[in-house]
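Participant: For reference, the sequence and a predicted model appear below.
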Amino acid sequence: MNFANELVLWYHQNKRDLPWRHTTDPYVIWLSEIILQQTRVEQGMPYFNRFLAAYPNVTAFANASEDDILKLWQGLGYYSRGRNMLKTAQLVRDEHKGVFPSAYDELIKLKGVGEYTAAAISSFAVNEARAVVDGNVYRVLARYFGIDEPINSTKGKKLFQQLADAVLNKEEPGLHNQAMMEFGATLCKPKNPACGICPVSLGCQAFKTNATTQLPVKLKTVKVKERFFNYFLVLNGNEILMNKRTGNDIWTGLYDLPLVETDTLLPAHEIVTQPLTLHYFGPNPQVEEVFGLQKHILTHQRLTIRFIKVKNQPVYMEPDWFYTDLENLEKLALPKIVFIFLTNFFKFENNSLFSN
DNA sequence: GTCCAGGTTT
DNA sequence: AAACCTGGAC
């Protein structure tokens, strides 16, 4: 019995019962796979259920607005996934008569569907013989075959894809792919792998040479840029001044507050004298309250954020600024940190709209 | 607090 | 090759 078939046997005994494992509908599989990209099952599950309930088929999804999609996506991160899903759903509605593709060569053309996702959907939906290579598969293969080529190098990616193709069970590719990933996710884990109960430990190079903690090898990179965000909280009656984020920056398509960004950490009283602040609020911004500094970490950026409540209304409005009442604010997709701040602020103000 | 995990796009 | 987000482990 080879390595891959052992894992399929293991999978039959040990698989988790997950909702997207009960379907061969490529739309439902696509929904689950995009949500699960870069996301843990426990975090993605409630989003999957909400999306499926709201949009039971791809045409329903395609008929939603970007604001609707991003609002449901709020808190899940990597918001381009949601924006790309809408484009893909619209394309399926308009160019594929609402029939979601299930062939790898069609799937790979869709926005937000890369090699992994195309292989996953095509193998799960119609048993097309395509090997998935996700983070779990990299780890399982690197350990079992004792490969120390970095998994995030161009060479390493090719090597691992070839190896995954070579060990693929072409009779049952869907089952094989599920088994490889489930095994990596629950037994051959990044930390504290359960080698003691592993069905293939005797053939595992990393186990034999005590190298499980060293594999897989990943080139580390990531220089982190520091940014300093000063958000202005401006209320007018029962309305709040918001900004819609556009362009190529973080959180595109989401909503935040009027912003003055600086290159260095400045004390709040100096923010108020920044040229941009004066441009927005006139010569005498009336600061009512300064909220404490908060850190927010993204992949390549470390944000230091403070919120400043001002009494006067702006004398200049950016084109993407608008006032909205609290009822409508609830419908807007906000970055996590802005959502938490506003929720707490209005809860403190005893506004029932934000009291959950 | 710090570190790490996880696919696609440009 | 670099950018994109959040949450869990320690």
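Facilitator: Ah, there it is.

Participant: Write out the residues of the stretch 1-150 of chain A neighbouring DNA strand C.
Facilitator: Proximity of the stretch 1-150 of chain A to DNA strand C (Cβ under 7 Å from any atom of the strand) is limited to residues A:38, A:40, A:42-43, A:75-80. Heads up, the C-betas are built off the backbone N, CA and C, glycines and all.

Participant: list the contacts for residue A:37?
Facilitator: A:78, A:81, A:116-117 (Cβ atoms under 8 Å, 6 or more residues apart in numbering).

Participant: Look up how far DNA strand B lies from the closest residue to residue A:168 other than its chain neighbours.
Facilitator: Distances taken as Cβ to Cβ, 6 or more residues apart in numbering place residue A:131 nearest to residue A:168, at 4.2 Å, with adjacent residues excluded. Per Cβ to the nearest atom of the strand, to the nearest Å, residue A:131 is found 12 Å from DNA strand B.

Participant: where does residue A:131 fall, phi/psi-wise?
Facilitator: Backbone torsions for residue A:131, taken as degrees, to the nearest 10, come to phi -90, psi 130.

Participant: Same check on residue A:199?
Facilitator: As for residue A:199, its main-chain torsions (degrees, to the nearest 10) stand at phi -70, psi -20.

Participant: So, low pLDDT: which residues of the stretch 251-356 of chain A?
Facilitator: Along the stretch 251-356 of chain A, segments meeting pLDDT under 70 span A:348-356.

Participant: Close to DNA strand B: what parts of it are there?
Facilitator: A:295, A:297, A:299.

Participant: at 10 Å what do you get?
Facilitator: Residues of the stretch 251-356 of chain A lying near DNA strand B by Cβ under 10 Å from any atom of the strand: A:294-295, A:297-300, A:302.

Participant: Among those, which lie within strands?
Facilitator: Those of those mapping onto strands are A:294-295, A:297, A:302, per DSSP state E.

Participant: DNA strand C next: which of those residues are close?
Facilitator: Among these, the residues lying close to DNA strand C (Cβ under 10 Å from any atom of the strand) are A:297, A:302.

Participant: Just put the ones in strands among the residues of the stretch 251-356 of chain A next to DNA strand B in CSV and tack on distance to residue A:48 and neighbour count.
Facilitator: Below are these laid out as CSV (distance: Cβ to Cβ, whole Å; neighbours: other Cβ atoms under 10 Å):
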residue, distance to residue A:48, neighbour count
A:294, 30, 14
A:295, 30, 9
A:297, 26, 9
A:302, 30, 13
